[in-house]
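>>> just to be clear, the model below is a prediction. Sequence and coordinates:
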Amino acid sequence: MIDVRELCREFTVTTKAGRFRRTRTTVRAVDSVSFEVAAGEAVGYVGPNGAGKSTTIKMLTGILVPTSGHVRVAGVDPSRARRDLARRIGVVFGQRSQLWWDLPLRDSFDLLRSIYRVDARDHARRLDECVALLDMAGFLDRPVRQLSLGQRMRGEVTAALLHGPELLVLDEPTIGLDLESKERLREFLADLNTSRGTTLLLTTHDLDDIERLCPRLVVIDRGTVLADGPLDALRAEVVPERVLVVDLEKPVSPLEGVPGVVDVRTELGGLRQHLTFRKDRTTAAAVIAAVAARAEVHDLVVEEPEIDDVVRRLYARR
Ligand SMILES: Nc1ncnc2c1ncn2[C@@H]1O[C@H](COP(=O)(O)OP(=O)(O)OP(=O)(O)O)[C@@H](O)[C@H]1O
């Protein structure tokens, strides 16, 4: 669905140097980025501020022309076939709107139907579905400028889906939304991907979006790809520690000396113990067996590292 190879985009920036002089410098916003996204995948494109995410998205959607490199989306070159591509993909920019500010939401949808020349029955079916799933019936007839951010975002996502795109590209779709609106939108997008097979590519700073929606991450920093893979594999690669939390029948002194365990922390006077172990030196089963040989275990859980820890370590690896 997406094929990007050695994609580059430069910008020329003019800065004032003294009273009359100006200097021109070249910024490489995207520097030899390569990745592929297969039909039906859901991929998170993440990175710190200024990493090059939006610039990549703009090249994928035909808004920006690459300086060099290869890019194909749904089989076409985005900047050369922008109109053709617009009929096959949906794009949501959290910060920018594709709705008509003064018109009722419903009228924006009608206009988009005419622009994309969508069959009236298909349009009605998709709109009904979105209205039901995104709970929009209460504000369909209100002008867009009167909508709350959460209501408008639901409208934006619907607008991007009315022509039945194979790929939905979202740039910061949950930015500024409250927790409930975020959750509703995530649920809708997850269903769109898993039940309908719509391919998703989204940029986000909200790690809960990724946890919920994206089995695969492409991590970018300073214009280049730092990591690309399933979230679980990246987790295993960059955070080699796991934590076994055991609740014991009776308090005991810290369970030091278990092979492969690098840290022991106790709570409740030794009744609960957190044993941090290295996955490359031992297994959870071996640590559990060693603990059970020394104390009577009431309950236990092995904690996976939090996703923000994974992403932080990926950025720090540079
Ligand atoms: N039109 C432009 N002219 C000059 N420089 C630009 C332009 N657009 C982007 N840049 C620069 O390119 C780099 C990448 O910007 P981009 O907007 O792609 O980052 P981003 O990863 O989307 O960041 P954020 O998370 O803050 O949205 C930044 O250094 C930015 O200043």
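Done, it's in.
>>> now the element after the helix or strand where Leu275 lies, going C-ward?
Assigned by DSSP states H and E, Leu275 belongs to strand 272-278. Once the chain leaves strand 272-278, the next helix or strand it forms, by DSSP H and E, is helix 284-294.
>>> show me which positions of that next one end up buried.
284, 287-288, 290-291 (16 or more other Cβ atoms under 10 Å). Where C-beta positions appear, they are placed from N, C-alpha and C, glycine not excepted.
>>> circling back to that earlier point, on contacts alone, who are the packing partners of the strand holding Leu275?
For strand 272-278, the packing partners by 3 or more Cβ pairs under 8 Å, 6 or more residues apart in numbering; DSSP states H and E come out as strand 241-248, strand 261-267, helix 284-294.
>>> looking at it now, give me its mean pLDDT.
Strand 272-278 shows a mean pLDDT of 94.
>>> skipping its backbone neighbours, what lies nearest the residue minimising distance to the centre of the chain in space?
A centroid search over the chain (Cα atoms, centre = their mean) returns Gly44, at 3.4 Å, as the residue closest to the centre. Excluding its sequence neighbours, the residue lying closest to Gly44 (Cβ to Cβ, 6 or more residues apart in numbering) is Cys214, at 3.5 Å.
>>> doesn't Pro305 make contact with Glu241?
Yes: taking contacts as Cβ atoms under 8 Å, Glu241 lies within contact range of Pro305: 7.3 Å.
>>> tell me the pLDDT at Asp178?
86.
>>> residue contacts, it?
By Cβ atoms under 8 Å, 6 or more residues apart in numbering, the contact list for Asp178 reads Gly150.
>>> hmm, 10 Å instead?
Applying Cβ atoms under 10 Å, 6 or more residues apart in numbering, we find Asp178 in contact with 148-150, 184.
>>> looking at the residues you listed, spot the one nearest the ligand.
Leu149 (17.5 Å; Cβ to the nearest ligand atom).
>>> centre of the chain to the lowest-mean-pLDDT helix or strand in the chain, how far?
Every helix and strand of the chain was ranked by mean pLDDT, DSSP states H and E. The lowest is helix 307-316, at a mean of 77. In this view, helix 307-316 has its centroid 14 Å away from the chain centroid, taken as Cα atoms, centre = their mean, to the nearest Å.
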